[in-house]
Structure formats: structure tokens, C-alpha cells
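**Student:** no sequence on this one, just coordinates:
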Ligand SMILES: O=C(O)CCC(=O)C(=O)O
Ligand SMILES: [Fe+2]
């Protein structure tokens, strides 16, 4: 249901196994759709119950020998959920249809009486109101459910959720005045090794500076890392805002594992490369966090740094706050799975072998709220990433702090 909403997928298309125009599977039967409707119903999600029960009904009509799902069952869910959605008249007509099929259906009889009473009491209420101006008051009011056409909202008017979903769907392109200043370059940072094989750096945004490095993790390293992480995978956790304790949360759905540099030369190499990429020390960095998102896996908008009030976060590490993030992409993702920044409205798309890098803290050590970001739900395929979080301690000579707010990060353009 989350995927359906985020990616605006039509129920009939999903039921056919078609996602954004790509045929993936053979499609769903009436009883599959019924089951999805039933699950939605149990989650009190009447909106999706109606969508999926309606689809079950359409499929049932097409299927010749459907045995597991029956029309009365569908009608019962459909009628009640339609009522819960506020359309009593339609709920009543569905209940009548159900009673034509099963005249003795007890719940339906009860519901019919209830719906009729509700409609009558609404009618008499509106009679009283209308009586005042002498208008016709005999008809039962028609339930009219046309949705007024909405004006397109500006970014400021949208909720973060709406922005997040739009960014995930790739509907937001970067403004021209921002894009025209973005550059790609080869960087060697004066490091002999990089002079031979410089990094391919691509700017994705300038304030805050978010860059991509391409071809910075090799297939062989990726294979090692995946192989090592797999047996250790646990459901990913998040830190409790107040206590600092690690907890499972529905806003982060993925599996993760931590790898140490000394465990394998490939882990060490990937970690060391972060130093070259960022010109910072990994001495105080966290271990490499490997993350795998399956279909529907996601991480809703968050900051990687700890806010002032989160006094317990990273306390035990004793290395200060998370100054920067390097996010290695270890797979392409067929559909979905972007990394989106909801405060500055940009989407990054996973590309196997690339890494994204940004500072979470401003040069004065305060958290940069513009770095708020999220991992979009994976629609098809599987997404693998590895996080390397750099900490403040040990960076004094690499990224000196300033008293000012403004970014002083110089772009290294040496060739
Ligand atoms: O997987 C992604 O694209 C982002 C992951 C992320 O933000 C995190 O793990 O903190
Ligand atoms: Fe993050």
C-alpha cells in the first residue's frame, strides 16, 4: 500500500503485474486482491480496502472458475469500507445487492437498517435547514463525491511527506539556476595514487555541497562486502530520540550489518578510499554499515547527525557528532530506491560503484538542517548501500572549524 501510494500505482495495473509500464509477473487473481483488501481492512485502511475489493470484484467477473472468493464476501467488505469512507448511500446500495444474493445475511440486514436510519436522519437534518429558506426538501440528499480540482501546491505549501513522495517518483528536476553551476571534474588531491586514477567527481548540489564519486567501489569489493554482511544481517535500528537506545522503527525498513576494516582487505580499502575522497581521517569513523533494502524497504526523512537535544547519541563513541556521510551504492535499483533530500528537493539515483558524499555539520559544528534526507522505497529489485559516517574528532586539521555559519569548504580543482 505504501508503494502504491508513493509511486501512484493504479490498482488495476498492479493487479496485472505491471509497474510503471513494465510487466513483471503474471498478475493477481480475484482472491489475491481480496486478500490485499482484507489486510487493508484489518489495518483500518478503508481507502485501500475499497480499491482492492473493487479490483477483486472486477477480477471475479472475469474469472470463470473462481472458488475461493465469493461476491457476497467482497460486497460485505466493500459496503462497510465505503460507509467508513463516508458514502452511506453507496454502502446501502451495495448492501442491497448483497441481500439480493443472500437474503438472510444477518450482518447485512443489520447494516441495511443502520444505513437507512443514517440516511433518514441526515435527510431530516437537512430538511430542517432547508425548510428555513423554503426550498424543496423532499428528496434524500444525493451523496456527491466529486473532488474539487486542486490548485497545484508550491513547495512551501506541501508537507514533507508530499515532497518526499514526489522526489521519490523523480518528478522534481533541479532548478536551472542551480544546475548551471554544477560541475564534473577529475580530482587527484595531490595524492600520487589518484594522479594515475583520479576520482570522477560530479556535483549534485552546492549548498550544502553534495557530490557523487563514480567508480569508487569495485565489483570484487562489493561481492566481498555483500558476502560478509549477509550472515550478520539484522533488521536495521534507529536511535531513540531521548534515551539513545537502538530500536526497530517502521520508518526504517532494511537489513544491516557492521564490518570492521581488519576483517578483510577489501573492507579496509573501501574505508581508506573515503579518506582520499573526503580529505578527512577515518580514524574516528564508525565501522562500515552495510544495508540491504528489499521491495518496500525504505528509510523516511531523517538527519544523520545528532541534534542538540539528543545528548545521548554517539556518547559512547566519544568522537563527537557525525560530521559527514559517505554513502556507497553497491547495486543499481530497477525501480524506486532513490536517496532524496527533502529540504533542498533533490533526488540521487543509485548507481552501482558510485558514492555520495556530504557534510552533515556546518563549519561551526552545528547540524545542517538542509541535509535532511531519505531512502525511497524500493519498488522493484534490491538495493545495497554501505554507509561510512565520519566523526568530528580527528578532523581538526582536515576541516578546521570556524565561528561563522558560512561554508568555507574549498573545492579542490587540482588536476
Ligand atoms: O540508502 C539510502 O539511500 C540512504 C540511507 C541513509 O540515509 C542512512 O542509512 O542513513
Ligand atoms: Fe541517512
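**Tutor:** Arrived safely, thanks for sending. A quick note: this is a predicted structure, and the numbers were derived from the prediction, not measured. Ligands and ions are numbered 1, 2, ... in the order given.

**Student:** ramachandran coordinates for residue 355?
**Tutor:** Here the main-chain torsion angles of residue 355 (degrees, to the nearest 10) amount to phi -140, psi 150.

**Student:** helices of the protein, start to end?
**Tutor:** Secondary structure of the chain (DSSP state H): helices at 2-6, 11-16, 30-42, 46-62, 71-84, 88-101, 106-131, 160-168, 176-179, 192-196, 219-229, 265-278.

**Student:** would you mark the buried spots in the third one?
**Tutor:** Within helix 30-42, the residues that qualify as buried by neighbour count (16 or more other C-beta atoms under 10 Å) are 30, 31, 32, 33, 34, 35, 36, 37, 38, 40, 41. From N, CA and C alone the C-beta is placed, and that goes for glycine too.

**Student:** closest to residue 61 out of these?
**Tutor:** residue 30 (8.5 Å; C-beta to C-beta).

**Student:** and the closest one, what's its pLDDT?
**Tutor:** In the predicted model, residue 30 carries a pLDDT score of 93.

**Student:** confirm for me that it is in contact with residue 54.
**Tutor:** No - with contact defined as C-beta atoms under 8 Å, residue 30 does not reach residue 54; the gap is 11.2 Å.

**Student:** can you put the helices of the chain in JSON lines and add distance to ligand 1?
**Tutor:** Below are the helices of the chain laid out as JSON lines (distance: least, C-beta to the nearest ligand atom, whole Å):
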{"stretch": "helix 2-6", "distance to ligand 1": "14"}
{"stretch": "helix 11-16", "distance to ligand 1": "24"}
{"stretch": "helix 30-42", "distance to ligand 1": "27"}
{"stretch": "helix 46-62", "distance to ligand 1": "26"}
{"stretch": "helix 71-84", "distance to ligand 1": "35"}
{"stretch": "helix 88-101", "distance to ligand 1": "42"}
{"stretch": "helix 106-131", "distance to ligand 1": "46"}
{"stretch": "helix 160-168", "distance to ligand 1": "11"}
{"stretch": "helix 176-179", "distance to ligand 1": "21"}
{"stretch": "helix 192-196", "distance to ligand 1": "26"}
{"stretch": "helix 219-229", "distance to ligand 1": "14"}
{"stretch": "helix 265-278", "distance to ligand 1": "15"}
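
**Student:** which one, of those helices, ends up nearest to residue 344?
**Tutor:** With C-beta to C-beta as the yardstick, what comes closest out of the helices of the chain is helix 176-179 (8.9 Å).

**Student:** quick one: mean pLDDT for the closest one?
**Tutor:** Averaging pLDDT along helix 176-179 gives 92.

**Student:** could I get the contacting residues of the residue in the stretch 201-350 of the chain positioned nearest to ligand 1?
**Tutor:** Taking C-beta to the nearest ligand atom, ligand 1 has its nearest neighbour within the stretch 201-350 of the chain at residue 339, 3.4 Å off. Residues in contact with residue 339 (C-beta atoms under 8 Å, 6 or more residues apart in numbering) are 327, 347, 348, 350, 356, 373, 374, 375, 376.

**Student:** any low-confidence regions in the stretch 1-150 of the chain?
**Tutor:** Residues of the stretch 1-150 of the chain meeting the criterion pLDDT under 70: 65-67, 127-150.

**Student:** can you map out the strands along the stretch 201-350 of the chain?
**Tutor:** 209-214, 234-235, 238-239, 246-247, 252-253, 255-259, 288-293, 298-302, 322-329, 335-336, 339-341, 346-348 (DSSP state E, counting those that start in this stretch).

**Student:** which strands and helices sit next to the first one?
**Tutor:** It stands for strand 209-214. Contacts defined by 3 or more C-beta pairs under 8 Å, 6 or more residues apart in numbering; DSSP states H and E place strand 209-214 against strand 199-206, strand 346-348, strand 355-359.

**Student:** nearest to residue 283, out of those?
**Tutor:** The nearest among the helices and strands packed on strand 209-214, by C-beta to C-beta, is strand 355-359 at 17.5 Å.

**Student:** state the mean pLDDT of stretch 226-242.
**Tutor:** On average, stretch 226-242 scores 90.

**Student:** flag every residue of the stretch 201-350 of the chain that's near ligand 1.
**Tutor:** Residues of the stretch 201-350 of the chain lying close to ligand 1 by C-beta under 6 Å from any ligand atom are 291, 299, 304, 327, 339.

**Student:** how close does the residue lying closest to the first one once chain neighbours are set aside sit to residue 297?
**Tutor:** In space, and not counting its chain neighbours, residue 291 is closest to residue 256: 4.6 Å by C-beta to C-beta, 6 or more residues apart in numbering. Separation of residue 256 from residue 297 (C-beta to C-beta, to the nearest Å): 11 Å.
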